[in-house]
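S.K.: next input, structure requested:
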Amino acid sequence: MSLLELKGLSKQFGGLLAVNGCNLQVAAGEVHALIGPNGAGKTTLINLIAGVLPPSQGEVRFQGENITHLPAHARVHRGLARTFQITNLFKNYTVRTNLELAVQARSGSSFRFWQPVAREKHLTEAALAVAEQVGLAARFETVVGRLSHGEQRQLEVALALASKPRLLLLDEPMAGLGAQESERMVGLIAQLRQRHTILLVEHDMGAVFRLAQRISVLVYGQVIASGSPAEIRANPEVHRAYLGDEGGAA
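M.R.: A predicted model of the protein is given here:
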């Protein structure tokens, strides 16, 4: 059974049909990449899956449950977490505080108003464990605004991991990164795929073909092809629509 299944999912903004009858299946344990040209509807689709936007039509099923009308926070508690194209962090606070708040939100300990966060050692321990997982343990007490762009991207991933997800939605995690930072992010995602199912939206085709077991191609809000990296490389419709006549990963 698929971990995530989309059935006829559509989203219309006035006269614009951003997502058009999308069907998609993501199997447990895989990195499934979603690629397509700018304006194809990729981020809109991620927002529909995450519950940020309501669909105009169609259905979202997660772990066999219909979650189409569940709010975003309820989806997080069911094991679905996402990152954003644009970093969404508390930049005036430390890495530690950002992660403690994320852990606190999941645990529900934020409702213990009589118990200061500083006394809840388990929050700090859990936050540090996530920081170590993404390579930010040495920056644990650093104010987020002082981190490099690449480190902030790592922290975005860490915040998603703090919710202990079954499915990670990574929306262009390499956007704006230099070569070294991109390579570090590829390494991080390669580590994460050993324990998490990942739906990856990314324009870096080199990274996509290195990381993904399956790839789906979105054009004008519709999935025009899904398959292994080799199948996508060889698909003439994908070449015409996105990869270019010469094909390849460029």
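S.K.: when you work out contacts or count neighbours from here on, use the C-alpha atoms and nothing else.
M.R.: Fine.
S.K.: helices of this structure, start to end?
M.R.: Ranges of helices in the chain, per DSSP state H, are 42-50, 72-77, 95-107, 121-133, 149-161, 179-192, 205-211, 229-234, 236-238.
S.K.: check what pLDDT Q104 gets.
M.R.: Q104 carries a pLDDT value of 86.
S.K.: ignore the last one, R240
M.R.: Confidence at R240, expressed as pLDDT, is 83.
S.K.: and for it, the neighbour number?
M.R.: Residues lying near R240 (other CA atoms under 10 Å) number 12.
S.K.: then G15?
M.R.: Close neighbours of G15, defined as other CA under 10 Å, add up to 6.
S.K.: thought L6 was touching Q57?
M.R.: No: look at L6 against Q57 with CA atoms under 8 Å: they stay out of range, at 10.8 Å.
S.K.: neighbour count for these two, which is higher?
M.R.: L6 (23 against 16).
S.K.: ok, what's across the strand from the more buried one?
M.R.: Beta bridges link L6 to L24, V60, judged by DSSP bridges.
S.K.: L80 too?
M.R.: L167.
S.K.: residue contacts, L200?
M.R.: Shown in contact with L200 (CA atoms under 8 Å, 6 or more residues apart in numbering): 31-34, 169-172.
S.K.: Throw these into CSV and include pLDDT, distance to G187 and neighbour count, thanks.
M.R.: Shown next, in CSV, are the contacts of L200 (pLDDT from 0 to 100; distance: CA to CA, whole Å; neighbours: other CA atoms under 10 Å):
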residue, pLDDT, distance to G187, neighbour count
V31, 97, 13, 26
H32, 98, 16, 26
A33, 98, 16, 27
L34, 97, 19, 26
L169, 97, 17, 25
L170, 96, 14, 24
D171, 93, 16, 22
E172, 93, 15, 19
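S.K.: can you add distance to L155 and give these back as CSV?
M.R.: Output for those, formatted as CSV (distance: CA to CA, whole Å):
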residue, distance to L155
V31, 20
H32, 22
A33, 21
L34, 22
L169, 15
L170, 12
D171, 14
E172, 14
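S.K.: which one of those is nearest to Q191?
M.R.: V31 (11.3 Å; CA to CA).
S.K.: how about the contacts made by the nearest residue to E5 once chain neighbours are set aside?
M.R.: In space, and not counting its chain neighbours, E5 is closest to Q25: 4.5 Å by CA to CA, 6 or more residues apart in numbering. By CA under 8 Å, 6+ apart, the residues touching Q25 are 2-6.
S.K.: buried members of the residues you listed into PyMOL, please.
M.R.: Buried residues within the contacts of Q25, by 16 or more other CA atoms under 10 Å, are selected in PyMOL with:
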select buried, resi 3+4+5+6
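S.K.: ok, so of the contacts of Q25, who is nearest D204?
M.R.: L4 (23.5 Å).
S.K.: check contacts around the closest one.
M.R.: Residues in contact with L4 (CA under 8 Å, 6+ apart) are 24-27, 60-64.
S.K.: what do you get if the cut-off is 10 Å, keeping everything else the same?
M.R.: Going by CA atoms under 10 Å, 6 or more residues apart in numbering, L4 touches 24-28, 49, 60-65, 80, 167, 197, 199.
S.K.: follow-up on the earlier one: can you redo the helices of the chain as JSON lines with distance to R139 and mean neighbour count?
M.R.: Below are these laid out as JSON lines (distance: least, CA to CA, whole Å; neighbours: other CA atoms under 10 Å):
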{"stretch": "helix 42-50", "distance to R139": "29", "mean neighbour count": "23"}
{"stretch": "helix 72-77", "distance to R139": "26", "mean neighbour count": "17"}
{"stretch": "helix 95-107", "distance to R139": "7", "mean neighbour count": "22"}
{"stretch": "helix 121-133", "distance to R139": "8", "mean neighbour count": "19"}
{"stretch": "helix 149-161", "distance to R139": "9", "mean neighbour count": "24"}
{"stretch": "helix 179-192", "distance to R139": "16", "mean neighbour count": "16"}
{"stretch": "helix 205-211", "distance to R139": "26", "mean neighbour count": "17"}
{"stretch": "helix 229-234", "distance to R139": "36", "mean neighbour count": "17"}
{"stretch": "helix 236-238", "distance to R139": "42", "mean neighbour count": "18"}
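S.K.: having no further points to raise, I will conclude here.
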